[in-house]
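1. Show me how the following folds:
(chains A and B)
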Protein chains: 2
Amino acid sequence: MTITSVIMAGGKGERFWPKSRTHLPKQFLNISGNKSMIQQAVARLERLMDISRIFIVTNESYAELISMQIPHLPASNIIIEPIGRNTGPCIALASMIVEQQYPDSTMIVLPSDHIIKDEGEFITILEAATRVAAQQENIVTLGITPTSPETGYGYIKRTEDMWESLSTPVYKVNQFVEKPDLETAKEYVEAGDFYWNSGIFIWKTTTVRRKIQQYMPEIEAVLKEIEPSLGTPWESEEIRQKFVLMPDQSVDYGIMEKADNIYVVPCQLGWDDVGSWTALDRIDNRDDDGNVIRGNILNIDTKNCIIESNDGKLIATLGIEDLIVVDTEDVTLICTKDKAQEVKKLLKELRTQKREQYL
Amino acid sequence: MTITSVIMAGGKGERFWPKSRTHLPKQFLNISGNKSMIQQAVARLERLMDISRIFIVTNESYAELISMQIPHLPASNIIIEPIGRNTGPCIALASMIVEQQYPDSTMIVLPSDHIIKDEGEFITILEAATRVAAQQENIVTLGITPTSPETGYGYIKRTEDMWESLSTPVYKVNQFVEKPDLETAKEYVEAGDFYWNSGIFIWKTTTVRRKIQQYMPEIEAVLKEIEPSLGTPWESEEIRQKFVLMPDQSVDYGIMEKADNIYVVPCQLGWDDVGSWTALDRIDNRDDDGNVIRGNILNIDTKNCIIESNDGKLIATLGIEDLIVVDTEDVTLICTKDKAQEVKKLLKELRTQKREQYL
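-> Numbers count the residues shown, from 1 in each chain, chains lettered A, B, ... in the order given. Sure, this is the predicted structure:
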């Protein structure tokens, strides 16, 4: 069994503004630890496979950043998405290219901007997942055991139907459900057979293609047009011209909510999607006052704040609570924690004002 | 009648940190308008007297700043206090030096870091005040009609005994009282015969000396030692050596609470002591959301904040209320309005940490 992987690295990470910027989005930043998130993602996968089998899908403007941050990655393993078109087109294109180089491989698809602290468990879980995915047309997904009723994630409900004789339980999926409201999320967590959708999928490249043929025919039509150019000098030009013709669809909606033979591997992984600044409350150490502090900070009477100074400037706080303060070279953000999800509003306004230098 | 003036400019303005700094305190900043506070103070007095009669008391490190900001001020009108020793020694020394150059002049003593918006009223009031002060050993003070029960000011209670035939009422003072608690302050405001102590005093230089002889004999003793050196080449060295021997006493406590023949001129003046950042709520225009905004700011869902960007950096705020945000080249302050008076706590901590570069 050949195992390959595709890291999706086209995101903008806007909720991590102003540290995450158009020219340097979240996945290229050291949010936690001393490596960028994409460097951590690659390093984790290298425990399972050679770098030559790790592919990264991104948009053109980040290709150089990837080469700089992961210099040992073969240039041909960087797959350029001409525009962002959701996970459907992204995975379809990447899978076709991987299949061409590693026919019939079992492919792990995963985001570039999540944190996984427990790498040992990650390896164990993926070993089980790839064994299940290598058989028939199985699709395997990692389901994070929920620790709170999050409304920002999709959920996966399992059946009682368990795959036998593996080192970790693998269940047949009952259904994928979209982001719930708080009441529903609470029910899911209490029920005990729901998991957060991690966005990590394991399937053979041939399975991906068959599912696309079956459930996403418009994407399949474009793949067919691009296919003859693969490996030729005009491959990238062909992708540039045709990719845009694919509809904006997610694999969750396009395939996962419809297909059979989907399995979920429950796990913890020390996983975090690092979805907004408040993630630092979970992934970093808080001091006795509940603060997460990085850089040159002086705080008095300050509680439950996230404060980060990135350019050496002293941030002095007095009397504040439940705030996010992020200082960068040209922008300082000051935001209440309960508005952390709405940082995009500031970016929208900056676009309206045509102040793109701050995006 | 010769009128002279002494501007006290030795303050540190710590509550205006981080804009006010050891090397550039509040009185040298443009807090309101396009001139520094000391430039405004000098310009106001020049409507009443020639620059040669305006003296500024300060400490050595600010002498050059004063020369730069007020280039037409004669160098000999800058009086150097070797160390800060409260208003008693400051006024005693300055008054003796002014008396030597302008014998028997009527001297206006005033702070360098207050705002007076109504300059017309200021002139009218001072004309009446100097007329009263020029007679006998009268001491005249300006009393600001209180608009709220402030606990940060001393108060002056007047009698019904009014000076006749002046353009504005001048009352004999009943008593000076120290900063009250809130309940007492409310009673003062309701009573209608209490005024805020503006720290502006008008008296003849000879009156000052007589009151010092009478009520502050320790200061008088030092003045006597310094006096023979005045106008000689060793004057400044003599002051440097002897000034430190004076006790730390205020004129309010040392003279005003004890002397007779003190008068108060009630006035408004558009006066503000600009005591802390929250003063901007009073002296600046607030927008529809109650914010006072200066510089490069983007704010969404932001209410009743004071936000000032001084170095061009974009300050982006989301969801915050009742905060003070001040960005300077090397420090950003974020402080709740109700802690505005406690900014000194941060300075104290910086001193403890020996991080004097931020003071």
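2. Where does the nearest residue to A:K211 once chain neighbours are set aside sit: helix, strand or coil?
-> Distances taken as C-beta to C-beta, 6 or more residues apart in numbering or on different chains put A:I255 closest to A:K211, at 4.8 Å, once the chain neighbours are dropped. The C-beta positions use only the backbone N, C-alpha and C, and glycine is treated the same way. Assigned by DSSP: H, G, I helix; E, B strand; the rest coil, the conformation of A:I255 is helix.
3. now do A:E220
-> With three-state DSSP as the basis, A:E220 sits in helix.
4. thinking again about what came up before, show me what contacts the residue nearest to A:K211?
-> Contacts here follow C-beta atoms under 8 Å, 6 or more residues apart in numbering or on different chains; on that basis A:I255 touches A:G88, A:I139, A:K211, A:I212, A:Y215, A:M216.
5. Pick out whichever of the residues you listed sits closest to B:L110.
-> A:G88 (74.0 Å; C-beta to C-beta).
6. Does A:G199 lie in a helix or a strand, and which?
-> In this structure, A:G199 sits in strand A:194-204 according to DSSP states H and E.
7. where does whatever residue of the stretch 151-300 of chain A ends up closest to chain B fall, phi/psi-wise?
-> Minimum separation of the stretch 151-300 of chain A from chain B (C-beta to the nearest C-beta) falls at A:I300, amounting to 5.4 Å. When read as degrees, to the nearest 10, the backbone of A:I300 gives phi -130, psi 140.
8. if we can go back for a sec, what about the contacts of A:I255, which are in helices?
-> With DSSP state H as the criterion, helices contain A:G88, A:K211, A:I212, A:Y215 from among these.
9. Out of the residues you listed, give me the two with the largest separation.
-> Pairwise distances across those (C-beta to C-beta) peak at 10.4 Å, for the pair A:G88 and A:K211.
10. ok so, going back, in a markdown table: the ones in helices among the contacts of A:I255, plus neighbour count and pLDDT.
-> As requested, the ones in helices among the contacts of A:I255 are exported to a markdown table (neighbours: other C-beta atoms under 10 Å in any protein chain shown; pLDDT from 0 to 100):
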| residue | neighbour count | pLDDT |
| --- | --- | --- |
| A:G88 | 23 | 95 |
| A:K211 | 24 | 96 |
| A:I212 | 24 | 97 |
| A:Y215 | 19 | 96 |
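11. which among the residues you listed gets closest to B:E46?
-> B:E46 lies nearest to A:G88 out of the ones in helices among the contacts of A:I255, by C-beta to C-beta, at 75.4 Å.
12. can you give me how far stretch A:143-159 is from the chain middle?
-> Remark: stretch A:143-159 is offset 16 Å from the chain centroid, using C-alpha atoms, centre = their mean, to the nearest Å.
13. Buried residues of it, list them for me.
-> Within stretch A:143-159, the residues scored as buried using 16 or more other C-beta atoms under 10 Å in any protein chain shown are A:G143, A:I144, A:P146, A:P149, A:E150, A:Y153, A:G154, A:Y155, A:I156, A:K157, A:R158.
14. The closest residue to the second one other than its chain neighbours and A:D181, how far apart?
-> If the residues on either side of it in the chain are set aside, A:I144 comes closest to A:W196, at 4.1 Å by C-beta to C-beta, 6+ apart. According to C-beta to C-beta, to the nearest Å, A:W196 and A:D181 sit 16 Å apart.
15. Next: A:M256.
-> 21 Å.
16. Ok, A:E308 next?
-> In terms of C-beta to C-beta, A:E308 sits 32 Å off from A:D181.
17. So for the two, which residue has more residues nearby?
-> Shown here are A:E308 and A:D181; by other C-beta atoms under 10 Å in any protein chain shown, A:E308 has more neighbours (20 against 9).
18. residue nearest the centroid of chain A?
-> Among the residues of chain A, the one closest to the centroid is A:P111, at 2.5 Å (C-alpha atoms, centre = their mean).
19. Sketch out the low-pLDDT regions of the stretch 151-300 of chain A for me.
-> Along the stretch 151-300 of chain A, the model assigns pLDDT under 70 to no residue.
20. Near the closest residue to A:L245 other than its chain neighbours, how many residues? Count them for me, please.
-> Nearest residue to A:L245, sequence neighbours excluded (C-beta to C-beta, 6+ apart): A:V222, at 5.0 Å. Applying other C-beta under 10 Å, we find 20 residues neighbouring A:V222.
21. got the contact list for A:V222?
-> By C-beta under 8 Å, 6+ apart, A:V222 lies in contact with A:P89, A:K242, A:F243, A:L245, A:M246.
22. what about 6 Å?
-> If you count contacts by C-beta atoms under 6 Å, 6 or more residues apart in numbering or on different chains, A:V222 has them with A:K242, A:L245, A:M246.
23. Backbone dihedrals for the closest residue to A:D301 other than its chain neighbours, both of them.
-> Sequence neighbours aside, A:G319 is the residue nearest to A:D301 in space, at 4.8 Å (criterion: C-beta to C-beta, 6+ apart). Backbone geometry at A:G319, expressed as degrees, to the nearest 10, gives phi 80, psi 0.
24. swap in the one 5 residues further on?
-> Recorded main-chain torsions at A:I324 are phi -110, psi 130, according to degrees, to the nearest 10.
25. quick one: it from chain B, how far?
-> Here the criterion is C-beta to the nearest C-beta, to the nearest Å. By it, A:I324 lies 9 Å from chain B.
26. ok, that residue - how many residues close by?
-> 25.
27. same thing with A:S95?
-> There are 26 residues near A:S95, going by other C-beta under 10 Å.
28. Could you do A:K348 as well?
-> For A:K348, the neighbour count with other C-beta under 10 Å is 13.
29. Could you do the one 5 residues further on as well?
-> For A:Q353, the count of nearby residues is 10 (other C-beta under 10 Å).
30. For it, give its distance to chain B.
-> Taken as C-beta to the nearest C-beta, the span from A:Q353 to chain B is 8 Å.
31. Tell me the pLDDT of that residue.
-> For A:Q353, the pLDDT comes out at 95.
32. for A:R15, same thing?
-> The per-residue pLDDT reported for A:R15 equals 91.
33. list the contacts for it?
-> Counting by C-beta under 6 Å, 6+ apart, A:R15 touches A:S276, A:V343.
34. I'd assumed it was in a helix, is it?
-> Yes - applying three-state DSSP, one finds A:R15 inside a helix.
35. who in the stretch 151-300 of chain A is up against chain B?
-> By C-beta under 6 Å from any C-beta of the partner chain, the part of the stretch 151-300 of chain A that sits against chain B consists of A:I300.
36. Show me the strands in the stretch 151-300 of chain A, by range?
-> Ranges of strands within the stretch 151-300 of chain A are A:155-163, A:170-177, A:194-204, A:262-267, A:271-272, A:292-294, A:297-300, based on DSSP state E, counting those that start in this stretch.
37. Give me the angle between the third one and strand A:170-177.
-> When you say that, I think you mean strand A:194-204. With axes from the mean of the first three to the mean of the last three C-alpha atoms, to 10 degrees defining the directions, strand A:194-204 sits at 110 degrees from strand A:170-177.
38. between strand A:194-204 and strand A:262-267, how many degrees?
-> Angle, strand A:194-204 to strand A:262-267, by the same axes, to 10 degrees: 120 degrees.
39. Adjacent strands (with direction) for strand A:194-204?
-> strand A:106-111 (antiparallel), strand A:139-144 (antiparallel), strand A:155-163 (antiparallel) (DSSP bridges).
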